[in-house]
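[1] Sequence first, then the predicted structure:
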Amino acid sequence: MHPITTAHYLGLSAALLLIGTVGVLTRRNIVIILMSIELILNAVNLNLIAFSKALQSVNGQIFAIFVITDAVAEAAVGLGILIALFRNKETVLADEIDLLKW
Amino acid sequence: MNFLDQIWLIPLFPLLGAVLMLLFGKKLDPQPASDVAVAPGVEHTHDEHDTHGHGHGHGHTHDHGHDHAHGGGHGHGSPLKILVSLLCPGMVLLSFLFSLGAVMQLAQLPTKVHQVVQFTWLAGMPFHMLDGRIATFSADWGFLLDPLSAVMILVVTGVGFLIHVYSVGYMAHDNGYYRFFGYLNLFVFFMLMLVLANNYALLFVGWEGVGLCSYLLIGFYYQKKSAADAGKKAFVVNRVGDAGFILGMLLLYALLGTSRFVDVNHALQSGQFHAETAGFGVLSAIALLFFTGATGKSAQFPLYVWLPDAMEGPTPVSALIHAATMVTAGVYMVARSAALFQLTPATSSIVASVGAFTAILAASIALVQNDIKRVLAYSTVSQLGYMFLALGVGAYWVAIFHLFPHAFFKALLFLCSGSVIHAMGGEQDMRRMGALKDKIPVTHWTMWVASLAIAGIPGLAGFFSKDEILWQAYSSPSGSQVLWLIGLVTAGMTAFYMWRLMNMTFYGKSHVAPEVEAHIHESPATMTVPLTVLAIGSALGGWLGVPKLWGLPESFRAFEHWLAPAFAAAAAEGEHGGAHGASIEWILMSVSVAIAIIGIAVARYFYHTKPEIPEKLELRLKPLYGLLLNKWYVDEIYDFLFVNGLAKGGGRAMAAFDLSVIDGAVNGAGWFTRFCSTISMWWDTWIIDGAVRLGSFTVKLLSYPVCFLQTGRVQAYALFFVVGVLAFFGYYVIR
Amino acid sequence: MSSFYTASDHFVLIPAIMLALFGCAVLLFDLLVEPRQRKYLVLLVTAGEIFTGVALVRQQMYLSANGLSQLAAFQGSLTVDGFAIFFNWIFLAATLIVAMVSYKYLDIAGEHHGEYYGLLLLAQCGMFFLAAGTDLITLFIGLELMALCFYVMVGFLRTEKRSNEAAMKYLLLGAFSSGFLVYGFSVMYGISGSTKLADVASAIGSRQPWDPVVFLAMVTTTVGLLFKISAVPFHMWAPDAYEGAPTTVTAYLSVASKAASMAFLLRIFLGPLAPARVSWEWLLSAVAIATMTVGNLAAINQNNIKRLLAYSSISHAGYMLLGLIAGNDTGIKGVAVYVLVYTFMNLGAFLVVVALRRKDIIGEELDDIAGLIHRSPGYASLMLIFLLSLAGIPPTAGFLGKYYIFLSLVETQHYTLAVIAVLYVAVAIYYYFRIVRAMFIRDAADRVPLASSLGLRVALGVSGVLTLGIGIYPEPFLQMAQVSLMR
Amino acid sequence: MLMDTILFYLFAALVLGGGILTITRRNAVHSAIFLILSLLGVAGLYLLQSAEFLFAVQIVLYVGGIMVLFLFVIMLVNLDQAAKEKQFNRQWTVALACAGLVGAEIFYFLAKGAGAFQLAKGTAEANTGMGNTERLADALFSQYLLPFEIASLLLLVAVVGSVVMAKKRI
């Protein structure tokens, strides 16, 4: 078995990014789309941590902290908007919100 | 007073008028509309209720007022309105006086060039020119008065002033009186910027500005959908040309590193650039791009389509913008770039060909128009074609020379037609006119002068300039017999359609509807006085450029001498007239006079002596417009040969013979012209207009799929995002 | 590591401190004032902007007095230079103008809350970091700060479905795109081992321009950036968000957010990605062409003015990109000038739409602006100026922006791009003049003059004067735009 | 070494499996649970990469904070109705293909250039004897003081924003 290298982490991160992307693209439920976005951000964090380790530099971990912060903030605001939307439209399905088009 | 250093005042006056009108005009508006406009700052909730009531009432009076735009409504002579009537023409008059002063002082200068730079407008960083040298380009708010722009400002302010005066009478009963004058003044401002600019970028300011004013004025009668459409068409078509102009301008900067006309000319004449006789180099490209811009603004093939439609605007607008001034901007610009075109024979020959083609095409279309203003519109296109013909063969001063009297007689023609329309209560169809000669005598006589002038009757303005163009087309090194011949035929057609117009309108039997007949009246003095002044100009303007051949004192060739410094480069290799004998020039001159007279005679024969001939032809042809060309052709021959010639003749063979020889020849000629012009019309409607429509249609059509991509589903958007990423990555792979 | 908050750090940060301070102050004062006194919060915003402005002036003077081209702080995380100051003036003007016009609009819409002004200021604070940040993390956090404020503001009409929808779409796509952006950043960090733009630039510079990892970082970063400036094919959020948002927010979003994102984009492309120019020049060219195409074509069929202007602002993003593609001094300066003039003309156009809003009339359709010349000639004339400027007709400011961009293209011999760009200007006239036509060449449904407030009139006046003024006498503004970019 | 490898694959499986299940479960609550699982896996990987502080943050913040938020909203907006609907939209095939291609390309780039990452050695401290948290704090409050402060504004906006959006009357 090969030792685990940075490349492994990068591959794993890319796979997670892919999963998140697929979730954003295909799931109808907005809550789950938001979760998929969390997956994407976690993929980024995996990248950062792996680099941080490989480079022996703590900057990556700090970057990851900020990415987490951002993920939290985005999720909070996103869910807030979702509640406002749900209050008016009674739906959480992404393809049912299409008043604005063309 | 030193007018030369105060050139900037010349455009400023009309700008002042425009700003005053557009900002405060609504308050001056004699219509009861003003009481609706409560102080705009008032809180909305407060006045919402009662303005609703007023709004309704006003909307009604407004429409009512417009219906009677020409019918003598109300609101005449309120003091505020008189203020408008004095202010706006007054501003233009001031400009005219300042222009006169400036031009007179310019004449004293030894160099005949005066440049005033107010301040820098576009400044740039140093950049690498095409040849790698570093240049810092800049464009200023600067004015250039030289013989060329002197002619232009006098035309713009002089003719502009007369048209303003005329409008006071013409628009007296119209709503939006202040708006009209505001736009008109704004137009004069931009036109003056255009001709006074000392660099291409500033010229472009005026160039676009006049387009905008043209747009607003064409659409002035906004209740008419056709008017609004026409305005849009004008603007869009012009913009296509402008695209060329912008590119040409930028390319010129990149090449020469300067935008000032003086420096550009200097650089081009310095010998650094050689005439691109062999191929099509960057200079030719620049010239061609400039010419593209000119075709848009000056309504040349294939971008002329907007001009006839532009006739939807009020008639003074047609006179000022679409005949006398704005449409000549392209001519002016090409003349301004004479040094450039001088070096690019390939482009110049394109200019000449396009000009000649446009001239004959438009003239042939004018032959069959029934709307009095449309005849004049096509005539304008045709005359502009003449000017480009002159430019193309390198006779720059001749083009300007033609521009000058053309401004007079074409403005006059339009104003006269406006006077006719005014008298007829808004009727524009010549088939419902006739025998107006004695009812509106001043209009008739002034129009008579103008028609003779445009037809090219010796002694009147049009003759000299047109003859000079024909001569240059023939004799210039870049001219040819073909160009001359086209010009000649066009001249014949011009005479024909002008006298067709005169005959249908002023002479013969009256076809006026009885209820209109009663109201026919000569226009007020504010309208007839400008007509008279313009008529004098049309009659005498040509004597500034009498052919050398006539052997008159040099002062009769003042125009050429005046412009000579502006086209020094062109003049240097000019003087080619000597190559051809004087006798040829005499012959050509006689031929062109002859064809003008023939045109007039034929028109008179058709529309006065035997008015039934065109009617008959009309009847025959009308239903056939829609049919296939071939079938129509066969039918017509059949009709002509058998119905006219044989069946009707029947037993009276001798009489029939007489008919077919004498009348038949005339008929045949008439039929042939009609045939040609029908083709031209068809071409105009389906091919040219069609191309424009197709263009806008395609754009609109393409717009739909782009819009439909926007499905409203957020995940589809995300998918596009991902597809974008995919494409970017893919680019790496396939690179 | 000795002193981590020096006087110099403080000096550089003051504008942001002022913005954050007054942002929080607005949030607090909102609790103290009566609902109908909320419009006085605008004064607080104005005060905040004045302090910010003073700070910017001081920085500017400091730089010029000491002959510095830039002043770095926070160990290189933040850099004040001509570029940052230039863009911050734009943000300041946009925020102030939007704040001035908002109270009336929000009152009519029934959603006048103090949080709005707080978010405005905090968004501007985020923009400060976007323009001045020279560190990936600073830039990222600044971007998110700005974006979050916008998500909320777009959805500020909470009871309106379209506003909710716009906010939701904007947030989902915005978060998705920033995921890609920060993925790119993470790879950049991996390449260089540092988050400083300068280090990243030198790390990328030491590699082949077509290095796969560099390309990966470049593309993922680029798509995030292009999303923010709404370039095709990442533009699709823009029309929806613009249409659904409150018009004042649309105005703000379309100018300030775009300006900030453009500043961000320039920082990245002229900084870390500059060495890889060969690999992105073609990509951006394609994007610019697509952006102009889609923006201009789609605008033609719109009957909603906001949507029409949304598509038009997409096309403007395309023009801005062209300056970057040309890449010479004229081009970069052209982008800066373009952003400046775009701010005022686009803001102005949206403000007129703001003025159309009435109690029971949303006032966003072309029909609502019909016959404006008869209702309010002043507004109609101003709108005409804005539209002419957007269409790039001289002597308005819009011409200036396009002019420099086109000139830079010709200078650098990108003739094809120049021709395409110029032709699309001709197309653009078509849809801008649909609005002009509605205003001037159509009859009004009613003749009620537009609602207006002092703020609105001042804002419109300022935008109008600047739109014309910059076009006629651009010299001082061009001086401002002599941005010291890291070249 | 071997232990590391085994743990890596274990956590990786957790991350990917959790992720896949998150985006495929019909019930949003299940999705949330699997998301937690996936995020725990990520946390584990942090630990493997000796980012202990982040490990704690991940657990506390994500699993403790965000997940509660998610579950809360799921309760609030009552997803029963949504659970009966189709869970994938109509474009899912195309989307899957595109996303797959993008993924493949990213892998391609990584495969081509991953080795290059080792080139850049951190200029920063290699072994100062400080613990992970200490080092983080050191950097966070010196070099990254500014983003740290901005993050506070970010959170402020998030609080204000979500309250404005979610509260009925403000």
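    Happy to help now that I have it.
[2] going forward, measure contacts between C-alpha atoms and count neighbours the same way
    Will do.
[3] center of chain D, which residue is that?
    residue D:39 (6.0 Å; C-alpha atoms, centre = their mean).
[4] Pull the contacting residues for it.
    Contacts for residue D:39 (C-alpha atoms under 8 Å, 6 or more residues apart in numbering or on different chains) come out as A:42, D:15, D:58, D:59, D:62, D:63.
[5] Equivalent analysis for residue B:288, please.
    With C-alpha under 8 Å, 6+ apart, residue B:288 has these contacts: B:248, B:347.
[6] any idea which of the contacts of residue D:39 is closest to chain B?
    Chain B has its nearest neighbour among the contacts of residue D:39 in residue A:42, at 18.6 Å by C-alpha to the nearest C-alpha.
[7] hmm, the strand or helix carrying the closest one touching chain B?
    Here residue A:42, judged by DSSP states H and E, is contained in helix A:30-55. No: against chain B, helix A:30-55 shows no contacts by C-alpha under 8 Å from any C-alpha of the partner chain, the least distance being 9.5 Å.
[8] That helix close to chain D?
    Yes: against chain D, helix A:30-55 shows contacts by C-alpha under 8 Å from any C-alpha at A:31, A:32, A:35, A:36, A:39, A:42, A:46, A:49, A:50, A:53, A:54, A:55.
[9] For the fifth one, list the residues it contacts.
    Right, the one you point to is residue A:39. Here residue A:39 is in contact with A:16, A:17, A:19, A:20, D:19, D:35 (C-alpha under 8 Å, 6+ apart).
[10] before we move on, the earlier item: continuing past the helix holding residue A:42, what's the next helix or strand?
    On the C-terminal side of helix A:30-55, the closest following helix or strand by DSSP H and E is helix A:59-89.
[11] does any bit of that next one sit next to chain C?
    Yes: judged by C-alpha under 8 Å from any C-alpha, helix A:59-89 comes into contact with chain C through A:59-60, A:63, A:66, A:70, A:73-74, A:77-78, A:81-82, A:84-85, A:88-89.
[12] Among those, pick out the one closest to residue C:446, please.
    Closest approach to residue C:446 among the residues of helix A:59-89 next to chain C (C-alpha to C-alpha): residue A:88, at 32.2 Å.
[13] How many neighbouring residues does the closest one have?
    When counting by other C-alpha atoms under 10 Å in any protein chain shown, one arrives at 16 neighbours for residue A:88.
[14] Residue C:161 is in contact with that one, correct?
    Yes: if you go by C-alpha atoms under 8 Å, residue A:88 and residue C:161 touch, sitting 6.1 Å apart.
[15] Tell me the residues of chain D that contact chain B?
    So far as C-alpha under 8 Å from any C-alpha goes, chain D lies against chain B at D:91, D:95, D:98, D:99, D:101, D:102, D:105.
[16] Write a ChimeraX command that selects only the buried members of the residues you listed.
    To isolate the buried members of the residues of chain D next to chain B in ChimeraX, using 16 or more other C-alpha atoms under 10 Å in any protein chain shown:
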select /D:95,98,99,101,102,105
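[17] ok so, going back, what's the angle between the host helix or strand of the residue nearest to the centre of chain D and helix A:59-89?
    Using DSSP H and E, the element containing residue D:39 is helix D:28-48. Taking axes from the mean of the first three to the mean of the last three C-alpha atoms, to 10 degrees, helix D:28-48 and helix A:59-89 form an angle of 170 degrees between their directions.
[18] What segments of the stretch 101-250 of chain B are strands?
    Here the stretch 101-250 of chain B has its strands, by DSSP state E, counting those that start in this stretch, at B:114-128, B:134-145.
[19] domain ranges for chain D?
    According to automatic domain parsing, chain D comprises the domains D:1-79, D:133-170.
[20] Show the average pLDDT along the longest one.
    Domain D:1-79 carries an average pLDDT of 87.
[21] How about the last one?
    Over the span of domain D:133-170, the pLDDT mean works out to 87.
[22] still on that earlier bit, weakest of the strands of the stretch 101-250 of chain B by average pLDDT?
    Mean pLDDT values for the strands of the stretch 101-250 of chain B show the minimum at strand B:114-128, a mean of 76.
[23] buried ones in that strand?
    Those would be B:114, B:115, B:116, B:117, B:121, B:122, B:123, B:124, B:125, B:127, B:128, for strand B:114-128 by 16+ other C-alpha under 10 Å.
[24] From the chain's centroid, how far away is the helix holding residue D:39?
    Here helix D:28-48 shows a centroid-to-chain-centroid distance of 8 Å under the convention C-alpha atoms, centre = their mean, to the nearest Å.
[25] after that helix comes which helix or strand?
    Following helix D:28-48 toward the C-terminus (DSSP H and E): helix D:52-57.
[26] Give the buried residues for that next one.
    D:52, D:53, D:54, D:55.
[27] nearest to chain C, of the residues of helix A:30-55 next to chain D?
    Chain C lies nearest to residue A:55 out of these, by C-alpha to the nearest C-alpha, at 6.2 Å.
[28] pretty sure that closest one contacts residue C:194?
    No: taking contacts as C-alpha under 8 Å, residue A:55 lies outside contact range of residue C:194: 9.4 Å.
[29] picking that back up, will you turn the domains of chain D into JSON lines that also has distance to residue C:279?
    Shown next, in JSON lines, are the domains of chain D (distance: least, C-alpha to C-alpha, whole Å):
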{"stretch": "domain D:1-79", "distance to residue C:279": "33"}
{"stretch": "domain D:133-170", "distance to residue C:279": "31"}
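[30] Out of those domains, which is closest to residue C:385?
    Per C-alpha to C-alpha, nearest to residue C:385 of these: domain D:133-170, 36.3 Å.
[31] The closest one and chain C, are they touching?
    Yes: Domain D:133-170 lies within reach of chain C by C-alpha under 8 Å from any C-alpha, at D:141-147, D:150-151, D:153-154, D:157-158, D:160-162, D:164-165, D:170.
[32] What helix or strand is the residue nearest to residue C:271 when sequence neighbours are not counted located in?
    Excluding its sequence neighbours, the residue lying closest to residue C:271 (C-alpha to C-alpha, 6 or more residues apart in numbering or on different chains) is residue C:201, at 5.9 Å. Residue C:201 is part of helix C:197-205, with elements assigned from DSSP H and E.
[33] Check which element follows that helix along the chain.
    Sequence order places helix C:212-228 as the next helix or strand after helix C:197-205, per DSSP H and E.
[34] and the helix or strand that that next one is followed by, C-alpha only, in CSV?
    The helix or strand immediately downstream of helix C:212-228 is helix C:237-244, counting by DSSP H and E. Only the C-alpha atoms of helix C:237-244 are listed here, as CSV (Å, rounded to 0.1, in the frame of the first residue of the first chain):
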residue,chain,number,x,y,z
TRP,C,237,-28.3,35.0,-11.7
ALA,C,238,-28.1,38.6,-12.6
PRO,C,239,-31.3,39.2,-14.5
ASP,C,240,-33.4,37.4,-12.0
ALA,C,241,-31.7,39.0,-9.0
TYR,C,242,-31.9,42.4,-10.6
GLU,C,243,-35.5,42.0,-11.4
GLY,C,244,-36.7,40.7,-8.1
